[in-house]
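Undergrad: Curious how this folds, go ahead:
(4 chains)
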There are 2 protein chains.
Amino acid sequence: MPRGPRPFDLADCAHIGANCTLFNLRKASRVVTQFYDESFRGARLRGTQFALLAGIYWRGTATLTELARLLAMDRTTLTRNLRPLRTRGLIFTVPGRDRRSRSVSITARGRRALSMAFPRWQNAQSRFVRRLGRTQWRKLMHSLQAAVRLGDSV
Amino acid sequence: MPRGPRPFDLADCAHIGANCTLFNLRKASRVVTQFYDESFRGARLRGTQFALLAGIYWRGTATLTELARLLAMDRTTLTRNLRPLRTRGLIFTVPGRDRRSRSVSITARGRRALSMAFPRWQNAQSRFVRRLGRTQWRKLMHSLQAAVRLGDSV
DNA sequence: GCATAATACGAGTATATACACGCATCGGCC
DNA sequence: GGCCGATGCGTGTATATACTCGTATTATGC
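TA: Predicted structure coming up:
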């Protein structure tokens, strides 16, 4: 007769390293972050900051909430990530339509920093695509964007 | 006659959101982390901590450096990530072969926590695979593992 | 017009991540 | 046996990330 559910699923935990989406995604994130930051070493921007600044440049003026949603980032995280950029005068915030909201924009200095760092991004990006192979890279990008879309509906 | 390289590549920066591997990977990482952590809400472990604990369980006893390499994680990051697990008595460290090295192992309490949280992981994992579609999920995993392998040779 | 829900934001707290640096220890070389 | 590079770790510092809570403002229902 059945003994009911096992109390321990420990044996199954052995396969988490191979099967867990979260584990593998974060691991890849660490690897790629370090890969890109190699190219940004010695620059005053990191890869993450460069991408954020480029996002602000691309988006034009946006409120914190809009930008956070665009980046699938918690709003309070965005606020804190903006701080080093703001301190260095690469971005600025002004009151939005409401007296509640604040809008973020890139400064001239920010545009200069962006264009100065662009070759470093290009270097990291091309190194990465070459090492992975363009076909495999495209698959990776498609898969990532499919995963990101899951967040939109939530 | 050629004018040399343009001083500004700002126009190209507009495409970073679509092309940058780092940006898209970190964005996906945020989305998926939140997706998994929904299932771990109310539990005493987060998704990341569960995965780390499962890794320690799977690996058996390992030094910090070995484990960090296995996770593609900076050694000092691992030390800090272990702290909350250690404080709660889910893992313990003993001197290794050397008097320099320290080995990490899971405790009985850690095994219990792991098996208690396993259904939550299973819930998140199955929800994710279902939402993404099994075929697309497999592609994602393959792509991520290919990206991770880039770190091995570095 | 006013009470109330909804929206927008920051601060506090905690984890996740990595680099630079320094300390302790080990192994090899003389 | 002692020096010296290599190895293993922890701490200090800084960024990256998200949740909870509190405050201010706006919109809505009556």
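
Undergrad: And the next helix or strand past the strand or helix carrying A:G17?
TA: Under the criterion of DSSP states H and E, A:G17 resides in helix A:16-19. Sequence order places helix A:21-40 as the next helix or strand after helix A:16-19, per DSSP H and E.

Undergrad: quick check, that next one touching DNA strand C?
TA: Yes - counting by CB under 7 Å from any atom of the strand, DNA strand C has neighbours in helix A:21-40: A:26, A:29-30, A:33-34, A:37. The way it works is simple: take the backbone N, C-alpha and C, and place the C-beta from them, glycine included.

Undergrad: will you turn the residues you listed into a markdown table that also has distance to B:V148, neighbour count and pLDDT?
TA: Listed next are those as a markdown table, based on distance: CB to CB, whole Å; neighbours: other CB atoms under 10 Å in any protein chain shown; pLDDT from 0 to 100:
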| residue | distance to B:V148 | neighbour count | pLDDT |
| --- | --- | --- | --- |
| A:R26 | 10 | 25 | 98 |
| A:S29 | 10 | 23 | 98 |
| A:R30 | 9 | 19 | 98 |
| A:T33 | 12 | 17 | 97 |
| A:Q34 | 11 | 15 | 96 |
| A:D37 | 16 | 16 | 96 |
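
Undergrad: so who does the residue positioned nearest the centre of chain A touch?
TA: By CA atoms, centre = their mean, chain A has its centre lying nearest to A:T48, at 6.3 Å. By CB atoms under 8 Å, 6 or more residues apart in numbering or on different chains, A:T48 lies in contact with A:33, A:81, B:22, B:26.

Undergrad: Next up, phi/psi of it, please.
TA: Per-residue torsions, A:T48: phi -60, psi -40 (degrees, to the nearest 10).

Undergrad: Please give me every residue in contact with the residue nearest to A:Y36 when sequence neighbours are not counted.
TA: Of all residues beyond its chain neighbours, the one nearest A:Y36 is A:G47 (3.8 Å), with distances taken as CB to CB, 6 or more residues apart in numbering or on different chains. Contact analysis of A:G47 by CB under 8 Å, 6+ apart lists A:33, A:36-37, A:39-40, A:121, A:124, B:22.

Undergrad: and with 10 Å instead?
TA: Remark: with contacts taken as CB atoms under 10 Å, 6 or more residues apart in numbering or on different chains, A:G47 is in contact with A:32-40, A:117, A:120-121, A:124-125, B:20-23, B:26.

Undergrad: The helix or strand containing A:L53 vs DNA strand D: in contact?
TA: Applying DSSP H and E as the criterion places A:L53 in helix A:47-59. Yes - legend: contact between helix A:47-59 and DNA strand D by CB under 7 Å from any atom of the strand is shown at A:48-49, A:52.

Undergrad: repeat for stretch A:142-154
TA: No - interface with DNA strand D: stretch A:142-154 contributes nothing (CB under 7 Å from any atom of the strand), its closest point being 9.1 Å away.

Undergrad: With only the CA atoms kept, save that stretch in CSV.
TA: Below are the C-alpha coordinates for stretch A:142-154, written out as CSV (Å, rounded to 0.1, in the frame of the first residue of the first chain):
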residue,chain,number,x,y,z
HIS,A,142,16.2,35.1,-28.8
SER,A,143,15.9,32.8,-25.8
LEU,A,144,16.7,35.7,-23.4
GLN,A,145,14.1,37.9,-25.0
ALA,A,146,11.5,35.1,-24.8
ALA,A,147,12.3,34.8,-21.1
VAL,A,148,12.0,38.6,-20.6
ARG,A,149,8.6,38.6,-22.2
LEU,A,150,7.4,36.3,-19.3
GLY,A,151,7.8,39.3,-17.1
ASP,A,152,5.7,41.6,-19.2
SER,A,153,2.5,39.6,-18.6
VAL,A,154,3.0,39.3,-14.9
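
Undergrad: Just give me how far it sits from the chain centre.
TA: Computed by CA atoms, centre = their mean, to the nearest Å, the chain-centroid distance of stretch A:142-154 equals 13 Å.

Undergrad: Up against DNA strand C, what does chain A have?
TA: Contacts of chain A with DNA strand C, taken as CB under 7 Å from any atom of the strand, map to A:26, A:29-30, A:33-34, A:37, A:41, A:63-65, A:75-76, A:79, A:93, A:96, A:98, A:100-103.

Undergrad: low-scoring stretches of chain A, by residue?
TA: Within chain A, the ranges that satisfy pLDDT under 70 run A:1-8, A:153-154.

Undergrad: Longest helix in it, by number of residues?
TA: Secondary structure of chain A per DSSP state H: the longest helix is helix A:108-132.

Undergrad: ok, that helix near DNA strand D or not?
TA: No - Helix A:108-132 stays clear of DNA strand D (CB under 7 Å from any atom of the strand), getting no nearer than 12.7 Å.

Undergrad: Give the next helix or strand downstream of that helix.
TA: Immediately after helix A:108-132, counting by DSSP H and E, sits helix A:134-153.
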